[in-house]
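[1] The following comprises the amino acid sequence and a computationally predicted model.
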Amino acid sequence: DVKVTQSSRYLVKRTGEKVFLECVQDMDHENMFWYRQDPGLGLRLIYFSYDVKMKEKGDIPEGYSVSREKKERFSLILESASTNQTSMYLCASSRGSIPAGYTFGSGTRLTVV
Amino acid sequence: AQTVTQSQPEMSVQEAETVTLSCTYDTSESDYYLFWYKQPPSRQMILVIRQEAYKQQNATENRFSVNFQKAAKSFSLKISDSQLGDAAMYFCAYRHRIQGAQKLVFGQGTRLTINP
């Protein structure tokens, strides 16, 4: 069964900490995405990557960065966590040229205190 | 920029009845895909159904079907014979057909409750 695995289901961090959210997929997908999900706002795209070492900003990249050193792994980095980054973070992947939907991870609920 | 709007934050339906979730979108493109995703309490997003804009025929998947009105930019999801397992958040999403990396634009979501 194909999978997108997010390293943590729940995470609590302090304001100002550097936070790493990890995502690994085993489907050899070219594209990987980070979204945050907030009530009433749906899913908003933070960053995405269509190849190793490639990244592009999504709609809300401020306060975040990403790293993709290997095809299967896409990391989201909160450089200095703030309370307004408390949210659900969803990772997803998709195959490059096939018009399929995404395969999602189960999400990381991050609380910044 | 493309936008997707789900105007119903919450819906409820009696078990075994039919419910329709609404979705509208805004785009200047003519070639794109539309999706409905389901997110149960487990948080795992599941693809429910997909529609290609160039196809006039509405997509169906078992008890799930869509009403795709391209001119009106409307893409509603109909769930027939509702079951308790259908309770979830439902998200409508848009993707341009040609643009790279398959970015999806999501709506705000509709929380569906099934009453036994």
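    In hand now; what should we look at?
[2] mind listing what the residue nearest the centre of chain A touches?
    Centroid check for chain A by Cα atoms, centre = their mean gives A:W34 as the closest residue, at 2.9 Å. By Cβ atoms under 8 Å, 6 or more residues apart in numbering or on different chains, the residues touching A:W34 are A:21, A:23, A:45-48, A:58, A:64, A:66, A:74, A:76, A:89-91. Just so you know, the C-beta spots here come from the backbone N, C-alpha and C atoms, and that holds for glycine as well.
[3] A:S94 too?
    A:H29, A:E30, A:N31, A:F33, A:A100, A:G101, A:Y102, A:T103, B:Q102.
[4] Name whatever forms a beta bridge with it.
    A:N31 (DSSP bridges).
[5] how close does it get to B:D31?
    Distance from A:S94 to B:D31, counting by Cβ to Cβ, to the nearest Å: 18 Å.
[6] Report how many residues lie close to residue 33.
    The chain I'm using is chain A. For A:F33, the neighbour count with other Cβ atoms under 10 Å in any protein chain shown is 27.
[7] my bad, the chain I had in mind was chain B
    B:Y33 has 19 nearby residues by other Cβ under 10 Å.
[8] cool, and A:E79?
    For A:E79, the tally of surrounding residues (other Cβ under 10 Å) stands at 12.
[9] Ok, B:F106 next?
    Residues near B:F106, counting by other Cβ under 10 Å: 21.
[10] Might you report the residue contacts of it?
    Neighbours of B:F106 in contact, by Cβ under 8 Å, 6+ apart: A:Y35, A:G42, A:L43, A:R44, B:V4, B:Y37, B:F91, B:C92, B:A93.
[11] my read: the second one touches B:G107, true?
    Spelled out, that is A:G42. Yes. Under the criterion of Cβ atoms under 8 Å, A:G42 makes contact with B:G107 at 5.4 Å.
[12] overlap in contacts of these two?
    Residues touching both A:G42 and B:G107 (Cβ under 8 Å, 6+ apart) are B:V4, B:Q6, B:F91.
[13] TSV for these, including neighbour count and distance to B:K55?
    Rendered in TSV, the data for the shared contacts of A:G42 and B:G107 read as follows (neighbours: other Cβ atoms under 10 Å in any protein chain shown; distance: Cβ to Cβ, whole Å):
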residue	neighbour count	distance to B:K55
B:V4	23	19
B:Q6	21	22
B:F91	25	21
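[14] which one of those residues is nearest A:T15?
    B:F91 (30.1 Å; Cβ to Cβ).
[15] That closest one - nearest residue in space that isn't next to it in sequence?
    B:Y37 (4.6 Å; Cβ to Cβ, 6 or more residues apart in numbering or on different chains).
[16] ok, now B:L84?
    Among residues not flanking B:L84 along the chain, B:I114 sits closest, at 5.1 Å (Cβ to Cβ, 6+ apart).
[17] State the distance spanning the first to the last residue of stretch A:5-16.
    26 Å (Cα to Cα, to the nearest Å).
[18] got the residue ranges for the strands in the chain?
    All of this is about chain A. Shown for chain A, the strands assigned by DSSP state E span residues A:4-6, A:10-13, A:19-25, A:31-38, A:42-49, A:56-57, A:64-70, A:73-78, A:87-94, A:103-104, A:108-112.
[19] oops, I was thinking of chain B
    Counting by DSSP E, the strands of chain B are B:3-5, B:10-14, B:19-21, B:24-26, B:32-39, B:46-52, B:60-61, B:64-69, B:74-79, B:88-96, B:105-106, B:110-115.
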